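Student: sequence first, predicted model second:
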Amino acid sequence: MMMRVPEAFAAIMATVRDFGTETVPFEKATGRVLRETIYADRPFPPFDRVMMDGISIYYDSYIRGQRVFGLEDVQAAGMPQMQLRNLADCMEVMTGAVLPDLTDTVIPYEHLDISEHEGFRRFTIVKEVKKGQFIHRAGSDAPEGKPLLEPGIRLGAAEAGVLATVGKTQVLVSKLPRVVLIATGNELVPVENKPEAHQLRISNIYNLAAALQGLGIQAEMVHLPDDIQHLTTHLNKLIPAADLLICTGAVSAGKYDHLPEVLKKAGMQEIFHTVQQRPGKPLLFGAFQNGPVVFALPGNPVSGFMCYYRYVQPWLKACLQDAANKPEFAVLEEDVTFDKPLEYYLPVKLKCSPEGAWLATPAVYHGSGDLASLLLADAFMALPADQDVFRKGSSFPVWKFR
């Protein structure tokens, strides 16, 4: 009996576990999921900061009609705060500098006529001035102690800058799982080999390995032949050292599809084996007590690829406590017909409309063995099993892989 997609997904998510946490240098935290709150260690910015190269003045002098200011000194970025001694003068200031004491307004060079007489520089204001202009006030972005980064976000370039700014040299992140990718099949040969007419180069585990790298996970890769004894011997060695086994091939009903039997004899509890979907119907999912979770994906390349993004990656993100773990939606650009009652995962090319909505155009696709079709697509659109005609303009979930 086939399991429906929602039931299969729920069964998978019921096995989510926490792999724990670890502390890493912030320079190596990019792509990792944050597991602590990061606070502002002082106000953002920490001082009244000059926003433009120019001069700073005491605004009341301008209000009283003064337009020409003599230069008293220069306040550069990185210098301790200076003080204006004569309120009728100005201080030359640089972007990023502390606003000099007793000044309260910045005028950029573009709004000034600059002259020099006998070694003295004078600045004539030629454009209207507003009090407090071009000053980034202390604490205006965030006060001291404000939470800046919350647990569950995936750290990127912007977050790296914040970690550096608050001096967070060591950061707590989700620990990554130990993942083993297993390719099965007597027809497979190493990538560097020239295959015979009846052979194929190993490819499925390489696109899965690349997908895992997007989560920061470096997987071990293994090729095993379709032989019960060989499978048994090697799986018994791999199982104790893994948090997750992802297998490709040998899960259907063929004479040499020994993997389900070998996994069950090794102690795996089978949760389900087939799913009411296309591609990817022969999807095997199970778990070892006090051991790894197992996703045994179909050997057809598009099938296994789809199952990874629809099931494996959401499971991994949930385990890592990644807060961004939901499908997006796109609007179908063409009518599509597909016989129910299977949920259909249609490869689609995405583009953004002028209104900001994702639009999905079906990619040229010749079935689950058409690996090259993935080059023409960005996502799989999930078309539900309870209907067989899907009209242009309808919105459906998409599971992006690009």
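Tutor: Good, I have the coordinates.
Student: could you pull out the helices for the stretch 151-300 of the chain?
Tutor: 157-165, 204-213, 228-238, 259-265 (DSSP state H, counting those that start in this stretch).
Student: kindly reformat those as TSV containing distance to Ala287.
Tutor: Every residue, glycine included, has its C-beta placed from N, CA and C. Shown next, in TSV, are the helices of the stretch 151-300 of the chain (distance: least, CB to CB, whole Å):
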stretch	distance to Ala287
helix 157-165	33
helix 204-213	19
helix 228-238	14
helix 259-265	10
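Student: contacts for stretch 85-97 next, please.
Tutor: Taking CB atoms under 8 Å, 6 or more residues apart in numbering as the criterion, the residues outside stretch 85-97 that touch it are 49-58, 60-61, 66, 69-79, 82, 84, 99-100, 102-103, 106, 123.
Student: picking up where we left off before, could you export the helices of the stretch 151-300 of the chain as JSON lines, including mean neighbour count and mean pLDDT?
Tutor: Formatted as JSON lines, the helices of the stretch 151-300 of the chain follow (neighbours: other CB atoms under 10 Å; pLDDT from 0 to 100):
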{"stretch": "helix 157-165", "mean neighbour count": "14", "mean pLDDT": "96"}
{"stretch": "helix 204-213", "mean neighbour count": "19", "mean pLDDT": "93"}
{"stretch": "helix 228-238", "mean neighbour count": "15", "mean pLDDT": "92"}
{"stretch": "helix 259-265", "mean neighbour count": "19", "mean pLDDT": "92"}
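Student: how close does Gly152 sit to Lys194?
Tutor: Note on Gly152: its distance to Lys194, by CB to CB, to the nearest Å, is 47 Å.
Student: more neighbours: which of these two?
Tutor: Taking other CB atoms under 10 Å, Gly152 and Lys194 do not tie; Gly152 has more neighbours (15 against 7).
Student: so what's the more buried one closest to, chain neighbours aside?
Tutor: When the adjacent residues along the chain are set aside, Gly152 lies closest to Ala323, with 3.3 Å between them (CB to CB, 6 or more residues apart in numbering).
Student: so what's the residue count around the one you found?
Tutor: Other residues near Ala323 number 13, with proximity taken as other CB under 10 Å.
Student: same question, Ala219
Tutor: 21.
Student: thought it was touching Ala210?
Tutor: No - because the distance of 9.9 Å does not satisfy CB atoms under 8 Å, Ala219 is recorded as not touching Ala210.
Student: before we move on, the earlier item: between the helices of the stretch 151-300 of the chain, which gets nearest to Ser368?
Tutor: With CB to CB as the measure, helix 204-213 is the member of the helices of the stretch 151-300 of the chain nearest Ser368 (11.7 Å).
Student: list the helices and strands that closest one packs on?
Tutor: Helices and strands in packing contact with helix 204-213 are listed as strand 179-184, strand 220-224, strand 244-248, helix 301-307; criterion 3 or more CB pairs under 8 Å, 6 or more residues apart in numbering; DSSP states H and E.
Student: now these in TSV, with distance to Ser115, mean neighbour count and mean pLDDT?
Tutor: Output for these, formatted as TSV (distance: least, CB to CB, whole Å; neighbours: other CB atoms under 10 Å; pLDDT from 0 to 100):
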stretch	distance to Ser115	mean neighbour count	mean pLDDT
strand 179-184	69	23	94
strand 220-224	72	17	92
strand 244-248	72	27	95
helix 301-307	69	26	93
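Student: and the helix or strand of the chain with the lowest mean pLDDT, which strands flank it?
Tutor: In the chain, the helix or strand scored least confidently by mean pLDDT, DSSP states H and E is strand 188-189, which has a mean of 76. Strand pairing for strand 188-189, using DSSP bridges, gives strand 200-201 (parallel).
Student: rounded mean pLDDT for the partner strand, please.
Tutor: Confidence for strand 200-201, expressed as mean pLDDT, is 80.
Student: how far is that strand from where the chain is centred?
Tutor: Taking the mean C-alpha point of strand 200-201 and that of its whole chain, the gap between them comes to 31 Å (CA atoms, centre = their mean, to the nearest Å).
Student: neighbouring contacts of that strand?
Tutor: Residues from elsewhere that reach strand 200-201 (CB under 8 Å, 6+ apart): 185, 187-191, 193, 195.
Student: ok, the residue nearest to the spatial centre of the chain - contacts?
Tutor: Per CA atoms, centre = their mean, the C-alpha nearest to the average position across the chain is that of Arg154, at 6.0 Å. The contact partners of Arg154, taken as CB under 8 Å, 6+ apart, are 31-34, 322, 324.
Student: export those as JSON lines, with columns for secondary structure, distance to Ala250 and pLDDT.
Tutor: Output for the contacts of Arg154, formatted as JSON lines (DSSP: H, G, I helix; E, B strand; the rest coil; distance: CB to CB, whole Å; pLDDT from 0 to 100):
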{"residue": "Gly31", "secondary structure": "coil", "distance to Ala250": "32", "pLDDT": "94"}
{"residue": "Arg32", "secondary structure": "coil", "distance to Ala250": "33", "pLDDT": "97"}
{"residue": "Val33", "secondary structure": "strand", "distance to Ala250": "33", "pLDDT": "97"}
{"residue": "Leu34", "secondary structure": "strand", "distance to Ala250": "38", "pLDDT": "98"}
{"residue": "Asp322", "secondary structure": "coil", "distance to Ala250": "31", "pLDDT": "95"}
{"residue": "Ala324", "secondary structure": "coil", "distance to Ala250": "34", "pLDDT": "84"}
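Student: redo these as TSV? Include neighbour count.
Tutor: Written out in TSV, the entries for the contacts of Arg154 read as follows (neighbours: other CB atoms under 10 Å):
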residue	neighbour count
Gly31	15
Arg32	24
Val33	24
Leu34	23
Asp322	19
Ala324	9
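Student: any idea how far Glu116 is from the residue lying closest to Leu172 once chain neighbours are set aside?
Tutor: Counting by CB to CB, 6+ apart, Leu172 lies nearest to Glu36, which is 4.2 Å off, once chain neighbours are set aside. The gap separating Glu36 from Glu116 is 55 Å, by CB to CB.
Student: the more surrounded of these two?
Tutor: More crowded of Glu36 and Glu116, by other CB under 10 Å: Glu36, with 14 against 9.
Student: in space, what's closest to Ala318 - neighbours in sequence excluded?
Tutor: Excluding its sequence neighbours, the residue lying closest to Ala318 (CB to CB, 6+ apart) is Val16, at 4.5 Å.
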